[in-house]
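> what follows is a predicted structure for the sequence shown.
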Amino acid sequence: MLSKPELTVLSRLSTHASGNIVQRKLADDLDWDPGHVSRVVSKLADRELVVRKQDSGRYRVSLSNAEPTERFADLTRKFPHVNFPNLLSGSTIKLMFYLNAARTAAELTQWTDVSRATVYRRLNRLQNVGIVTKRDTQFALTEQFEELAAFARSLVRHLHQQEADEHTAGIRLIWADVDEYLFSCQTEPSAALFYQTGPDALEQYGIPLLTQESQYYFGSEEQSEIAPEDLVCHMLLIDDGARYRSYCLLLIVGCELETETLTRTAERYDREAQIDLSDIVQQLCTYLDSKGEESGAKLPEWDTFKSTAADYDISV
């Protein structure tokens, strides 16, 4: 996420009257070594959160118009008495990402991969300054600070988009959480940071499809491959229409995926899905278990599905 020095620079620029400041003056204002300021500003500029331009032999620094920058600037101006750099640095922005709704400490610990002790310590600190409130076992942002979640979520998407933009073109984010994201693009990424998914990835399971206009990739700091149960979820996140649901049915049968595995995987993606992914997966499993007797919208007739499966040498 963002370090305390990075947030400090953003905070200072947010409250500067002229909207831009000479980099050396910024160092003086913060009482920092000029070299340290240069490194921090360079990192922020690389992330497109600030703009640095040379003017008469001096560098001038200003905030960019990126969404997370504007959201953070609004917060800084609205609450000048709050030391956001101290409060949000490190893993706290990850907590903010998931505090768009009331959450338990156990949920935050599991989803952020931050230790339970650290989660409690940071939540208690946020409670002490009136940013977070607790009701029963759940923590939530207080009403006046709900914008913090929007800032964190826009920052995460911005950083994911920027990372993907560095390696391919025509990026469209489809799904994202703190450490993982699914996106479409027009060209194959130039670095081995991403895993191919979506329709093109079905070929490795004996379900070859015609080439799509877009390609789909998954960026993850936690996974080393795309498991078939992940691919089912990715397919539905890309398109939950009848055609893609049929492909998912073929994949489920062909890989002999268990309902429990699919359900558990769907629940993980459901946190940030725009569709009820868990419900759709349950519909697919019910359809297969009942051999088409319990069907619904966007699912094929059983005989039609059996015929399609036979075309791919998949036994139903």
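Great, that's in hand.
> buried set for the helix or strand where residue 74 lies?
Assigned by DSSP states H and E, residue 74 belongs to helix 67-78. Neighbour-count burial for helix 67-78, counted by 16 or more other CB atoms under 10 Å, picks out 68-69, 71-73, 75-76. All C-beta spots, glycine's among them, are computed from the backbone N, C-alpha and C.
> from those residues, which is closest to residue 228?
Lowest distance from residue 228 to the buried residues of helix 67-78 (CB to CB) belongs to residue 68, with 34.7 Å.
> what's near enough to touch the residue nearest to that closest one when sequence neighbours are not counted?
The shortest distance from residue 68 to any non-neighbouring residue, by CB to CB, 6 or more residues apart in numbering, is to residue 155 (3.8 Å). The contact partners of residue 155, by CB atoms under 8 Å, 6 or more residues apart in numbering, come to 1-2, 68, 72, 93.
> name the helices or strands packed onto the helix holding residue 74?
Packing contacts for helix 67-78, counted by 3 or more CB pairs under 8 Å, 6 or more residues apart in numbering; DSSP states H and E, involve helix 4-15, strand 58-63, helix 84-88, helix 147-165.
> average pLDDT for it, rounded please.
The average of the pLDDT scores along helix 67-78 is 97.
> repeat that for stretch 157-172.
What stretch 157-172 shows for mean pLDDT is 95.
> show me where the protein has strands.
Secondary structure of the chain by DSSP state E: the strands cover 20-22, 50-55, 58-63, 103-104, 132-135, 138-141, 172-176, 180-185, 194-197, 215-220.
> save these as TSV, and put in mean neighbour count and distance to residue 11 too.
Output for the strands of the chain, formatted as TSV (neighbours: other CB atoms under 10 Å; distance: least, CB to CB, whole Å):
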stretch	mean neighbour count	distance to residue 11
strand 20-22	18	12
strand 50-55	14	12
strand 58-63	18	10
strand 103-104	16	26
strand 132-135	14	20
strand 138-141	19	19
strand 172-176	17	25
strand 180-185	22	27
strand 194-197	20	33
strand 215-220	22	29
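> got JSON lines for these, with distance to residue 260 too?
JSON lines is the format used below for these (distance: least, CB to CB, whole Å):
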{"stretch": "strand 20-22", "distance to residue 260": "56"}
{"stretch": "strand 50-55", "distance to residue 260": "47"}
{"stretch": "strand 58-63", "distance to residue 260": "48"}
{"stretch": "strand 103-104", "distance to residue 260": "23"}
{"stretch": "strand 132-135", "distance to residue 260": "32"}
{"stretch": "strand 138-141", "distance to residue 260": "27"}
{"stretch": "strand 172-176", "distance to residue 260": "22"}
{"stretch": "strand 180-185", "distance to residue 260": "22"}
{"stretch": "strand 194-197", "distance to residue 260": "22"}
{"stretch": "strand 215-220", "distance to residue 260": "22"}
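> wait, which of the ones you listed is closest to residue 6?
With CB to CB as the criterion, residue 6 lies closest to strand 50-55 of these, at 9.3 Å.
> which helices and strands does that closest one pack with?
For strand 50-55, the packing partners by 3+ CB pairs under 8 Å, 6+ apart come out as helix 4-15, helix 34-46, strand 58-63.
> quick check: which ranges of this structure have low pLDDT?
For the chain, the stretches with pLDDT under 70 are 17, 210-212.
> report the outermost residue of it with respect to its centre.
The centre of the chain is farthest from one residue, residue 56, which by CA atoms, centre = their mean lies 40.3 Å away.
> and the gap between that one and residue 22?
Distance, residue 56 to residue 22, by CB to CB, to the nearest Å: 10 Å.
> try residue 232
54 Å.
> and if you look at residue 229?
54 Å.
> what does residue 262 give?
For residue 262, the distance to residue 22 - CB to CB - is 57 Å.
> same check on residue 16?
Taking CB to CB, one finds residue 16 at 11 Å from residue 22.
> give the contact list for residue 209.
Applying CB under 8 Å, 6+ apart, we find residue 209 in contact with 199-200, 202-203, 247.
> just the C-alphas of stretch 224-237, formatted as CSV.
Coordinates of each C-alpha in stretch 224-237 appear next as CSV, following Å, rounded to 0.1, in the frame of the first residue of the first chain:
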residue,chain,number,x,y,z
SER,A,224,0.9,-20.0,-8.0
GLU,A,225,-1.6,-21.4,-10.5
ILE,A,226,-5.3,-21.2,-11.6
ALA,A,227,-7.1,-24.2,-10.2
PRO,A,228,-10.2,-25.4,-12.0
GLU,A,229,-12.5,-24.2,-9.2
ASP,A,230,-10.9,-20.7,-9.6
LEU,A,231,-11.5,-20.8,-13.3
VAL,A,232,-15.2,-21.6,-12.8
CYS,A,233,-15.5,-18.5,-10.7
HIS,A,234,-13.4,-16.4,-13.1
MET,A,235,-15.6,-17.5,-16.0
LEU,A,236,-18.8,-16.4,-14.1
LEU,A,237,-17.2,-13.1,-13.1
